[in-house]
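In: Here is the input, now give the coordinates:
(one chain, ligands or ions: 1)
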Amino acid sequence: MMQKSYREELVGVFGDPIDENPTVILEQAAFQACQLNYRYLNILVKSEDLEQAILGMKAMHMKGINLTIPHKCAVLPYLDGISKEASIIGAVNTIVVKDGKLVGENTDGKGFLTSLQENDITVLGQEIMILGAGGAARAIAVELALAGAKKITIVNRSRQRGEELTTLIQEKTSCQAEFLLWNKTISIPEEINILVNATSIGLFPNVEQKPDLDESSLRPDLVVCDVIPNHPRTQLLKMAEQQGAKTIDGLGMLVNQGAINFQLWTGKKAPVEVMKQAIQKEFGLEESL
Ligand code: NDP
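Out: Numbering: from 1, shown residues only. The predicted structure is shown next:
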């Protein structure tokens with residue numbers, strides 16, 4: 001008879017703050033459904049302790065870790081390798097441990113891209129407008145550019161961040177890019193096929209907040225996406241629905257980045273539907289199942 005193993009494989013997330021990070025719900029549901037002896041832990045790690053935490057992760061033979069604020073860029077010096085996409089984005093949200101080596105990935109933009117694919121939205125040759133130029137916008141813009149978008153327009157309130165991201169796309173990908181300063185109500189130009197809100201506008205508790213844009217420029221042939229995962233039916237998506245546009249909420253991005261992490265850490269296909277249902281239940285969204 002085989003000796004039963006009580007060993008548990010550890011993964012999780014390092015961040016500060018960390019209390020409200022919901023990825024644990026997705027990952028635990030997936031491990032349980034696949035009967036894997038894995039645990040996902042939300043671990044409070046202060047900026048000054050990141051190196052120690054990474055060493056601890058190696059010492060404990062962890063399979064990997066997610067990184068959130070404030071560690072996504074700070075972790076770069078401690079990695080043994082980095083994916084092409086994460087290197088262009090300049091930030092890592094997932095570490096995978098392979099033969100004792102730490103490899104950095106960025107699964108935020110890939111999760112977003114997968115949620116477009118799930119909705120049969122093609123990126124190739126499309127003209128895309130992205131609101132925001134922070135961490136989420138960077139990851140999304142780079143993945144969309146690498147997936148063959150024709151042109152990306154970055155719209156941002158602060159010029160410096162917006163111009164930096166625009167230059168990054170122009171220099172590191174073959175996608176065209178331009179920057180638009182967001183200092184007045186914007187109208188979505190006719191040639192735009194996909195609009196993405198990658199700002200924190202609409203994030204709980206500011207659920208009534210909406211981007212400053214001309215509602216009548218949201219056309220029925222436009223795809224409107226939002227990244228807000230909790231309370232995902234944002235004011236922007238409601239506005240877009242009223243104009244007949246197709247909408248994609250931020251829950252898909254969250255679930256799919258979790259599914260990609262799961263696959264990277266376990267080598268197994270993720271039970272995406274189980275993960276989606278677990279997070280919908282957690283967020284009290286069961287009625288939309
Ligand atoms: P950052 O702080 O890095 O960037 C925030 C961006 O939002 C900046 O471009 C900022 O503009 C802009 N912004 C914020 N408030 C306003 C406003 N009132 N008007 C105009 N622009 C505004 O945050 P992240 O990029 O890390 O996160 C952005 C959002 O993405 C969050 O809501 C987060 O929850 C979500 N997210 C969702 C994920 C998912 O899986 N669904 C994964 C990761 C993030 P400026 O540069 O001018 O300050």
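
In: Quick check: phi and psi at the spatially most central residue of the chain.
Out: With distances taken as CA atoms, centre = their mean, D108 lies nearest the centre of the chain, 2.6 Å away. Main-chain torsions, D108, degrees, to the nearest 10: phi -60, psi -50.

In: Same check on I130?
Out: Torsion angles, degrees, to the nearest 10, at I130: phi -110, psi 120.

In: What count of nearby residues applies to A240?
Out: Neighbour count of A240, defined by other CB atoms under 10 Å: 26. (C-beta placed from N, C-alpha, C; glycine too.)

In: Would you agree it is in contact with D221?
Out: No: with contact defined as CB atoms under 8 Å, A240 does not count as touching D221 (11.7 Å).

In: residues from the chain in reach of the ligand?
Out: The chain comes close to the ligand at residues 108, 111, 132-137, 156-158, 161, 182, 198-201, 203, 227-229, 250, 253-254, 257, as judged by CB under 6 Å from any ligand atom.

In: Now go through those and say which are in helices.
Out: Counting by DSSP state H, the part of these found in helices is 108, 111, 135-137, 161, 250, 253-254, 257.

In: Find the pair from those residues with maximum spatial separation.
Out: Across those, no pair lies farther apart than R161 and L254, at 23.1 Å, counting by CB to CB.

In: With adjacent residues omitted, what lies nearest to the residue nearest to the centre of the chain?
Out: Closest residue to D108 apart from its sequence neighbours, by CB to CB, 6 or more residues apart in numbering: A139 at 3.9 Å.

In: how about that neighbour, secondary structure?
Out: helix (DSSP: H, G, I helix; E, B strand; the rest coil).

In: Quick check: it vs V196, distance?
Out: 11 Å (CB to CB, to the nearest Å).

In: Overlap of the contact sets of these two?
Out: By CB atoms under 8 Å, 6 or more residues apart in numbering, A139 and V196 have these common neighbours: F112.

In: So for R161 and L254, which sits in the more crowded spot?
Out: Neighbours were counted for R161 and for L254 using other CB under 10 Å; L254 has more, 27 against 17.

In: Am I right that that one is in contact with P22?
Out: Yes: the pair L254 / P22 is scored as a contact, 7.3 Å apart, by CB under 8 Å.

In: overlap in contacts of these two?
Out: Both L254 and P22 are contacted by 229, 279, under the criterion CB under 8 Å, 6+ apart.

In: ok, the residue nearest to the centre of the chain to G148 distance?
Out: Distance from D108 to G148, by CB to CB: 19 Å.

In: pLDDT score assigned to S5?
Out: pLDDT recorded at S5 is 85.

In: what number of residues lie near the closest residue to L76 other than its chain neighbours?
Out: Using CB to CB, 6+ apart and skipping residues adjacent in sequence, the residue nearest L76 is V92, 6.6 Å away. Neighbour count of V92, defined by other CB under 10 Å: 27.

In: now do N256
Out: The local packing of N256 (other CB under 10 Å) involves 26 other residues.

In: so what's the residue nearest to the centre of the chain up against?
Out: Residues near D108 by CB under 8 Å, 6+ apart: 93, 135-136, 139-140, 253, 257.

In: same question, G109
Out: 85, 89, 138-144.

In: So M275 versus the ligand, what's the distance?
Out: 12 Å (CB to the nearest ligand atom, to the nearest Å).

In: right, and that residue touches I260 too?
Out: No: with contact defined as CB under 8 Å, M275 does not reach I260; the gap is 11.0 Å.
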